[in-house]
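# no sequence for this one, just the structure:
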Ligand code: NI
């Protein structure tokens, strides 16, 4: 694999850092140890360090040999682990019960550190690089909190790039896809209120179980009949709760579920139809329904020009044939989406598959593939040297 030689030279160091972080996983906004390691290493390499952004976030600032262009680029890695128990049995397995790096953010942190070390040593670029080490990607909005605390005002980057390891792609391959790559992930709760009564005397009640069933059925028409067939959308009712006895018609029933979309207009359409169907169906039966809709991370949408830049940089590392430009998007979600709403940029998938031994992320047997550490670090470095070419 034609990775950067200088970065290849510290592959063993990166493996050691990655396994140390893996053994000490921390949940979102609690990455105190991890952030401390990141800050100490950046300082060792002469990089200016800003800590405490979104509690445990760290930003490193590195100037190139020259700053004739005044340009700046941001590279982002996430640092948090998941609340689950590890079953890998590896020597570097989690030492924190109920905490696990099952999404490879230990590898993301390490790859960005590897790039930082190389770029600090060579400074073979013109302008400024911001290394953004983000807390709390797993459902806790760490990217958004960093932005709310002034990330882009304090560190004025013109473009921002993200990278996630992707076990579904073989190690040594990269996906750089323009447009939507990850979905918006929302949650909803619907409360249906009827009139309770005796199970044997239904005519004296308004049965919320029957109403909930009609609402679930009617909501299937949103994707089937209201969404443009060319647009992707998922509406899944995943919970129905009601009742306590065989002979009691309950007062209340609740529904809950998830909505996944790529386009904001599809998301808005689904919310409007869900509200209308729930309240109107309930009213038709003499009940009421209240919809509480929780918007989660927006869709992650890659910008075309920056995706071309990232793809070209990746091709210089892994070869043109190993860069996939047309992988279908994933219905998972990612809070780097907020950064891509604010700045042009791109989110790459870095293959980490191990053939038949591949384990999916978020599985208790998952372990980041250390073979790809220098590949990711080299792609980061190449992006910087491509976007901010030397002028002297
Ligand atoms: Ni992840």
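Received, thanks. Here the structure is a predicted model, which means the values were calculated and not measured.
# dump the residue contacts of residue 193.
208, 251, 252, 287, 288, 289, 290 (C-beta atoms under 8 Å, 6 or more residues apart in numbering). Every C-beta, even on glycine, is put in place using the N, C-alpha and C of the backbone.
# Which among these count as buried?
Buried members of those, counted by 16 or more other C-beta atoms under 10 Å: 208, 251, 252, 287, 288, 289.
# Let me know the distance separating the second one from residue 44.
Put plainly, it is residue 251. Taking C-beta to C-beta, to the nearest Å as the measure, residue 251 and residue 44 are separated by 63 Å.
# follow-up on the earlier one: filter the contacts of residue 193 down to just the ones in helices.
Using DSSP state H, the subset of the contacts of residue 193 located in helices is residue 208.
# Tell me which of the contacts of residue 193 fall in strands.
Judged by DSSP state E, those include 252, 288, 289, 290 as members of strands.
# ok, which stretches of the stretch 1-150 of the chain are helices?
With helices called from DSSP state H, counting those that start in this stretch, the stretch 1-150 of the chain shows them at 5-8, 11-23, 32-44, 105-122, 142-148.
# For the third one, report the contacting residues that lie outside it.
Read that as helix 32-44. By C-beta under 8 Å, 6+ apart, the list of residues contacting helix 32-44 from outside reads 17, 20-21, 24, 26, 49, 51, 56-58, 60, 79, 109, 113, 116-117, 131, 133, 135.
# which of the helices of the stretch 1-150 of the chain is buried the deepest?
helix 105-122 (a mean of 25; mean count of other C-beta atoms under 10 Å).
# Counting residues, what is the longest helix that the protein contains?
The longest helix of the chain (DSSP H) is helix 264-284.
# okay, residue 2: pLDDT?
Confidence at residue 2, expressed as pLDDT, is 57.
# Low-confidence ranges, the stretch 251-392 of the chain, go.
Judged by pLDDT under 70, the stretch 251-392 of the chain has no weakly predicted residues.
# so where do the helices sit in it?
In the stretch 251-392 of the chain, the segments counted as helices under DSSP H, counting those that start in this stretch are 264-284, 304-318, 336-342, 373-387.
# What lies in contact with the second one?
This points to helix 304-318. Everything outside helix 304-318 that qualifies as a contact, by C-beta under 8 Å, 6+ apart, is 1-4, 159, 161, 172-174, 176-179, 322-323, 325, 344-346, 348, 375, 378-379, 382-383, 386-387.
# How about the longest one?
With contact meaning C-beta under 8 Å, 6+ apart, helix 264-284 is reached by 184, 186, 188, 190, 192, 211, 214-215, 218-219, 221-223, 226-228, 231-233, 235, 259, 261, 288-289, 291, 293, 295, 298-299.
# With stretch 207-220 instead?
The contact list for stretch 207-220 (C-beta under 8 Å, 6+ apart) reads 190, 192-194, 235, 237, 240, 242-243, 249-255, 274, 277-278, 281-282, 285, 287, 289.
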